[in-house]
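Q: Model the structure of this input:
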Amino acid sequence: MNATAQSLPVKVDEANKDRYLILAILLMGVFMTMLDGTMVIIALPTITTDFGVGISVSQWVITGYLIVMTALLIICGKVSERTGRAKLYMVGWAIFTLSSLACGLSGSVEQLIAFRLVQGIGASMVSGVAGAMIFITFPAQERGRAMGYLVATAAIGSILGPMLGGLVTDNLGWHFIFLINVPIGVALLIMAARYLKVPEFRSNDFRMDWLGAITLVIAVASLILLCNELELGTDPTPTMITYIILFPLVLAVFIAHERRCTRPLLDLTIFSNRMFTLPLVSMMLYNVAITAVNTLGPFYFQGVIGLTASQVGLLFLLVPLAMSIAAPVSGKRYDKHHSKYAAGSGLAIICLGFIVLALATMAESLVLAAIALFIWGLGSGFFGTPNSTETMGALPREKAAVASTVYSTAGGLAMALGVSMASILLTVQFAMADYHGAVFDAGYSLLTSSLGAVIIVAAILCIIATALSVLRNV
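A: The predicted model follows:
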């Protein structure tokens, strides 16, 4: 194909005759990358024991994947401007599949960590362009429903991960957490090679902003590592102080460079568009809130209610179940009515779910808790679809890849902040009670007050997110 042909967009009608098959391929890729990111959490104790290493070493199996995947999302979106999104997606999925095989066959923790870093590269390629590909593949009247499926799929993958990880580890061994990706990956590659044809907007004069790329990776990595340090405790350590200084310093260098650069990695002017920025911030606040409750909730249900880990996993499945119901319905309604306040209404429903969950924790009512989780899931489904569609639609179509990668990066960082927030609140509650023992031995009162504090903060964040969502349309 010559340079002129590469620069022309594919006609939507011709490219999208198999759009729902394309959607299935993209959703399966996103689902597997999200699933793989959380399945390993449950297997980490087994991996630590098998290799005879400390948790400070083995935790890099999770942290390394998260850092690489999150840090490279924007870079992958930029690269897709030259390679084309479909090609980058397929290369990413091939890398993800091969590295999954290598992870499953690893003979040492060092090999496993190294291959997980490579797997994170593949995951960033897949997740970095999936949203943009869906957005440009579907016509406007179907776009909301398609994005709804994406939102639901990502959420279901992340929440199903721990439960499936436990089942696979207990019955097959931790190696199969990675090995099961291989046959799925091969099948998906075959389907992608045949059907993954999407409209492309390729740049004929591509140049990588290397300084921007390097400083962005360092900034993202230092923020995630700072979050990990905060999860271990709030007392300042040399490592923590290093990250506290490094993150804002490198971020300032990145912003200053991007403003001066003639061909920046990230066009910062997109953030001056409030139609893009406000729903983006709303999504981040929402992710911080739900991740914090997700993180601390299982401790309460196991330590106070007395559920097993598997039972807690089944209980929390109510959230993605409700999302899988609400997200497509919300997307279809949004396609038809384009309600300005659809996203804000979803956030209001989530706040209601948090209120019911707070009442359930005080009453130790499992039934009320189940109702609260289902309400929470419904609200998430009603929020995610219009919010992601509005964010993507706020920028010109040729910037769909940028919007998608920024949205994914912001979401990943917000989830890391949510885990840290839950850990900090738990640490503060324990310190105030002068308790220094194991979490599960903290007792009813302390676990209940700790979860209550997280729920209150989460509800406040969702209220702020609701206000921002409404202000977007004022």
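Q: OK, contacts around the residue sitting nearest the centre point of the chain?
A: Taking CA atoms, centre = their mean, the centroid of the chain lies closest to residue 412, which sits 4.5 Å from it. Taking CB atoms under 8 Å, 6 or more residues apart in numbering, we find residue 412 in contact with 66, 69-70, 73. Backbone N, C-alpha and C define where each C-beta goes, glycine included.
Q: Single out whichever of the residues you listed has the smallest pLDDT.
A: Ranked by pLDDT, those bottom out at residue 66 (82).
Q: Am I right that that one is in contact with residue 36?
A: No. Checked against CB atoms under 8 Å, the pair residue 66 and residue 36 is beyond contact range at 11.2 Å.
Q: hmm, back to that, mark which of the contacts of residue 412 are part of helices, please.
A: Counting by DSSP state H, these place 66, 69-70, 73 in helices.
Q: Of these, keep whichever come out buried.
A: Neighbour-count burial (16 or more other CB atoms under 10 Å) applied to these gives 66, 69-70, 73.
Q: measure the nearest residue to residue 408 once chain neighbours are set aside to residue 125 for me?
A: Once flanking residues are discounted, residue 408 sits nearest to residue 73: 5.0 Å by CB to CB, 6 or more residues apart in numbering. Computed as CB to CB, to the nearest Å, the residue 73 to residue 125 distance reads 9 Å.
Q: If we go by neighbour counts, what in stretch 140-152 is buried?
A: Buried, per 16+ other CB under 10 Å, within stretch 140-152: 142-152.
Q: which residues are contacting the strand or helix carrying residue 186?
A: Assessed by DSSP states H and E, residue 186 sits inside helix 181-195. The contact list for helix 181-195 (CB under 8 Å, 6+ apart) reads 18, 21-22, 25, 28-29, 32, 36, 86, 89-90, 93-94, 96-97, 100-101, 104.
Q: same deal with stretch 235-246?
A: 218, 222-223, 225-226, 229-230.
Q: Could you rerun that using 7 Å?
A: Identification of contacts with stretch 235-246 by CB atoms under 7 Å, 6 or more residues apart in numbering yields 222, 225-226, 229.
Q: before we move on, the earlier item: isn't the residue nearest to residue 408 right next to residue 124, touching?
A: Yes. Here residue 73 reaches residue 124: they are 5.2 Å apart, a contact under CB atoms under 7 Å.
Q: can you pull the pLDDT of residue 113?
A: According to the model, residue 113 carries a pLDDT of 93.
Q: Actually, residue 283.
A: Reading off the confidence values, residue 283 has pLDDT 91.
Q: ok, the residue nearest to it when sequence neighbours are not counted - contacts?
A: For residue 283, ignoring the flanking residues on the chain, the nearest one in space by CB to CB, 6+ apart is residue 387 at 5.8 Å. Contact analysis of residue 387 by CB under 7 Å, 6+ apart lists 279, 282-283, 343.
Q: Throw the ones in helices among the contacts of residue 412 into JSON lines and include distance to residue 470, thanks.
A: Formatted as JSON lines, the ones in helices among the contacts of residue 412 follow (distance: CB to CB, whole Å):
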{"residue": "66", "distance to residue 470": "32"}
{"residue": "69", "distance to residue 470": "32"}
{"residue": "70", "distance to residue 470": "29"}
{"residue": "73", "distance to residue 470": "28"}
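Q: any chance you could map the helices in the stretch 151-300 of the chain?
A: Counting by DSSP state H, counting those that start in this stretch, the stretch 151-300 of the chain has helices at residues 175-179, 181-195, 210-232, 238-260, 274-303.
Q: Residue 466 is nearest to which of the ones you listed?
A: helix 274-303 (7.7 Å; CB to CB).
Q: Three-state assignment for the spatially closest residue to residue 74 that is not a sequence neighbour, please.
A: In this structure, residue 74 finds its nearest non-sequential neighbour in residue 405, 4.6 Å apart by CB to CB, 6+ apart. Three-state call for residue 405 (DSSP: H, G, I helix; E, B strand; the rest coil): helix.
Q: my guess is residue 405 contacts residue 71, does it?
A: No. Using CB under 7 Å as the test, residue 405 is too far from residue 71 to be in contact (11.1 Å).
Q: returning to what we had before: which SSE is the residue nearest to the centre of the chain in?
A: Using DSSP H and E, residue 412 sits within helix 400-432.
Q: Could you list the buried residues of that helix?
A: Applying a neighbour-count criterion of 16+ other CB under 10 Å, one finds 400-427, 429-430 buried in helix 400-432.
Q: quick one: buried residues of the next helix or strand after it?
A: Per DSSP H and E, the first helix or strand lying C-terminal to helix 400-432 is helix 444-471. By neighbour count with 16+ other CB under 10 Å, helix 444-471 contains the buried residues 446-455, 457-459, 461-466, 468-470.
Q: Which other helices and strands does helix 444-471 contact?
A: Contacts defined by 3 or more CB pairs under 7 Å, 6 or more residues apart in numbering; DSSP states H and E place helix 444-471 against helix 274-303, helix 342-363, helix 400-432.
Q: Past the first one, which element shows up next along the chain?
A: Put plainly, it is helix 274-303. Helix 274-303 is succeeded, C-terminally, by helix 309-316 (DSSP H and E).
Q: So what's the gap between that following helix and the chain middle?
A: 21 Å (CA atoms, centre = their mean, to the nearest Å).
Q: what does that helix contact?
A: For helix 309-316, the external contacting residues (CB under 7 Å, 6+ apart) are 159, 162-163, 166, 298, 301-302, 307, 370, 373.
Q: switch to 10 Å and redo it
A: 42, 159-167, 170, 293-294, 297-302, 305, 307-308, 366, 369-370, 373, 376-377 (CB atoms under 10 Å, 6 or more residues apart in numbering).
Q: Need the buried ones from these selected in ChimeraX.
A: Burial among the contacts of helix 309-316 is assessed by 16+ other CB under 10 Å; the matching ChimeraX selection reads:
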select :42,159,160,161,162,163,164,165,166,293,294,297,298,299,300,301,302,305,307,369,370,373,376,377
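Q: pLDDT of stretch 403-417, averaged?
A: 82.
Q: To clarify, my last question referred to stretch 93-104.
A: For stretch 93-104, the per-residue pLDDT averages 95.
Q: could I get the helices and strands packed on helix 444-471 as a markdown table with distance to residue 314?
A: Shown next, in a markdown table, are those (distance: least, CB to CB, whole Å):
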| stretch | distance to residue 314 |
| --- | --- |
| helix 274-303 | 11 |
| helix 342-363 | 16 |
| helix 400-432 | 21 |
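Q: which stretch among the ones you listed comes nearest residue 383?
A: Smallest distance to residue 383 across the helices and strands packed on helix 444-471 (CB to CB): 2.8 Å, for helix 342-363.
Q: tell me which residues of that closest one are tucked away?
A: Within helix 342-363, the residues scored as buried using 16+ other CB under 10 Å are 342-354, 356-358, 360-361.
Q: Over to stretch 44-54?
A: Using 16+ other CB under 10 Å as the test for burial, stretch 44-54 gives 44, 46-48, 51, 53.
Q: Beyond the strand or helix carrying residue 93, next helix or strand please.
A: In the assignment (DSSP H and E), residue 93 maps to helix 85-104. Under the assignment DSSP H and E, the closest C-terminal helix or strand after helix 85-104 is helix 109-137.
Q: for that next one, which positions count as buried?
A: Buried residues in helix 109-137, defined by neighbour count with 16+ other CB under 10 Å: 109, 112-137.
Q: Give me the domain ranges for this structure.
A: What automatic domain parsing lists as the domains of the chain is 7-208, 210-264, 267-474.
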